[in-house]
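Asks: pasting the structure only:
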C-alpha cells in the first residue's frame, strides 16, 4: 500500500490509528501474530534473516548428503530475490558482499561459509534500523512489505505469537507513533532470552521409582515447596503425584510453554515404546516461574492446534462420509491431520508434503517424472494457492462489518453463493474503491484487493513467488527430516509456521473440487495454470473466479 497521507513530517512520527500508512503496518502485524487468522492473512515468508540462517544450516545438511547441491543453489537464488527488495540488508554494497558468498554455493565450514555467517550476524544488528530509515525515505516501501519484514524478524527471534499479538495490540490501543513501535520492535529483537523454570505435573506415573532416579523428577511435596507461598492458589483443584522440573531459556512465557509442551510430548512418545506405561498421564497443566520477575503462573498444557481448517469438509456430511474404500484424497487428509495435532514440527512437515505430493504428482506422466517430484508438487501447490488467494480474501471481506448499511449489503444479502458475493464486492471496488469497512484489518485487505485490480498480473506474480518460496522451504525441510532424521532441526518450526496454512488452503480447494464437482487434483492444477497464464496476457477470468 502506498503512503497516501498529505503530511510532510517523517512517516515514523505518524500515529497508529490516525495515519493510513502507520495503521496498515500495525494492523497487518496483528494478523501475522494471530494464530487463528485465516490462511490468506497469515505470514507465508520466513524473512530474509531467517532464510540466510537456513542456508547456512542447509549447507551443513548438504555436506552430510542429506540435501542435493541443487537445493543449496536454489535457496541461494531465492535469497538473491529476497535481498533485492529488502532495505534491511543495508544497501547495495552489503547486498553485493552477501551475493558474492552465495555464488560460491557456500560449502560448509569453508571461508565462504564463515564469511556469510559473519555477514548474517552483522545484518541482524541493524536490520530494523535500516527498515526505519527506508520508511522515512523519499521512496518508502509499501506498508504490506514493511509489516512482513518486521513480523518475520520478531517471530524468527523466538517470540511466541501470543506475546507478540499482545505487544502490537497495546501499541494500537495506545495510538503510539510508528517510530516508537519500530523502536520497541528493535528492542525486542536485541533482547536476550530469559530463564524460566517449568514444572510439568503428572497424575499417574508408572514405575515411579524409575522416574525418581531422574534428577528432573520431584514428588508432589517437593514441587509444592518450590511453588512457595502461591502453592495453595496454584494447586487448587489439581491432583498430581509429582512431576518433572526443568530450567529453560526462552524469549517469553508462552515460548517456554511451547517448549514444555514439546518435552511432555517426548516423554509420552518414549513411554509408548515401553511395556507398563499405558496409564501414564499428565495433569494437563504446567507451572512456569519467570526468573526475571519472580512470578509463577499456571498455564493449561493443551494439545497444539495450528488453526488449519478445511471448510469444504464442513459442508454437508463430508466429515462423516467415510466408507470402506479409501481414496488418495482420504490418504492425503489422514496424513495432513498432523498439521493440527502434532506438537513436534517434524511429523506435520513430512506428512503435509506427502499429502501434496500424493495428489499433485503422477509417475504416469513422463514430463512429471523428468521434472521430478519436488519440482512438480511445489509448482502445482503454488499455482493452486495463488489462484485461491483472491477468492479467499474477497469471501472474507464479504462477511465483514461495514460502517453503514449500503446498497452493497442488500446485494450481498440476496446473493446465492460466495462466488456471487465476491462478484458484488469486486464490482463495488472497481466502481468506488471503498467497501466502507469498520475494521482496520479489513481495510488493509481491501487495499490488497485494490492493488490486485490495478495490477492483476504483477500482483499475482508476486504472490506466486511467495508461495513457491514457501513450498520449496517445506520440501527442503521434509528432506532434512526424512533423510537426516532431524525431527527437531532449527529450521523446522519456521517451515511449519509459514507453510502449514498454505498446505491447508491447497487441500481445501482440492477437496472442494473433487467432492463438489468431481474434478481430480491434477485437472484442477492444470486449470489453475491456464488461469494464471491468461491473466499474464492481460485477459482471462475475473480475479474472484481464478479457481472454481
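Replies: Received the coordinates, thanks. What you are looking at is a predicted structure, and each value in this text was computed from that prediction instead of being measured.
Asks: In which helix or strand does residue 122 reside?
Replies: Taking DSSP states H and E as the definition, residue 122 sits inside helix 111-135.
Asks: what's next to that helix, contact-wise?
Replies: Residues lying outside helix 111-135 but in contact with it, judged by CB atoms under 8 Å, 6 or more residues apart in numbering, are 11-12, 49, 52-53, 55-56, 59, 87-91, 94, 97-98, 101-102, 104, 106-107, 140-141, 146, 149-150, 153, 178-179, 182-183, 185-186, 189. Every residue, glycine included, has its C-beta placed from N, CA and C.
Asks: After that helix, heading C-terminal, what element do we hit next?
Replies: Once the chain leaves helix 111-135, the next helix or strand it forms, by DSSP H and E, is helix 143-157.
Asks: For residue 50, see how far away residue 279 is.
Replies: The spacing between residue 279 and residue 50, counted by CB to CB, to the nearest Å, is 42 Å.
Asks: out of those two, which sits in the more crowded spot?
Replies: Neighbour tally, residue 279 and residue 50, criterion other CB atoms under 10 Å: the higher count belongs to residue 50, 20 against 10.
Asks: Who's the closest spatial neighbour of the more buried one, skipping the chain neighbours?
Replies: What sits nearest to residue 50 in space, not counting adjacent residues and going by CB to CB, 6 or more residues apart in numbering, is residue 156, at 4.1 Å.
Asks: Do I have it right that the one you found meets residue 45?
Replies: No. With the criterion set as CB atoms under 8 Å, residue 156 and residue 45 do not qualify as a contacting pair; they are 10.5 Å apart.
Asks: if we can go back for a sec, how many neighbours does the residue nearest to residue 50 have?
Replies: Neighbours around residue 156, by other CB under 10 Å: 21.
Asks: could we number from 13 for the rest of this?
Replies: Sure, I'll start numbering at 13, so the last one becomes residue 168.
Asks: residue contacts, it?
Replies: Going by CB under 8 Å, 6+ apart, residue 168 touches 58, 59, 61, 62, 65, 506.
Asks: just residue 153 next, same as before
Replies: By CB under 8 Å, 6+ apart, the neighbours of residue 153 are 97, 99, 143, 146, 147.
Asks: Now with 10 Å, please.
Replies: With contact taken as CB atoms under 10 Å, 6 or more residues apart in numbering, residue 153 is in contact with 15, 37, 97, 98, 99, 100, 143, 146, 147, 159, 160, 161.
Asks: what's it sitting at in phi/psi?
Replies: Backbone torsions for residue 153, taken as degrees, to the nearest 10, come to phi -70, psi 160.
Asks: show me where the stretch 163-312 of the chain has strands.
Replies: When assigned using DSSP state E, counting those that start in this stretch, the strands of the stretch 163-312 of the chain occupy the ranges 206-216, 229-231, 254-262, 293-294, 297-302, 308-312.
Asks: by contact count, what packs against the fourth one?
Replies: Secondary structure elements in contact with strand 293-294, counted by 3 or more CB pairs under 10 Å, 6 or more residues apart in numbering; DSSP states H and E, are strand 206-216, helix 265-283.
Asks: and that strand, what's its mean pLDDT?
Replies: Confidence for strand 293-294, expressed as mean pLDDT, is 94.
Asks: From the chain's centroid, how far away is that strand?
Replies: Centroid displacement of strand 293-294 relative to its chain, using CA atoms, centre = their mean, to the nearest Å, is 30 Å.
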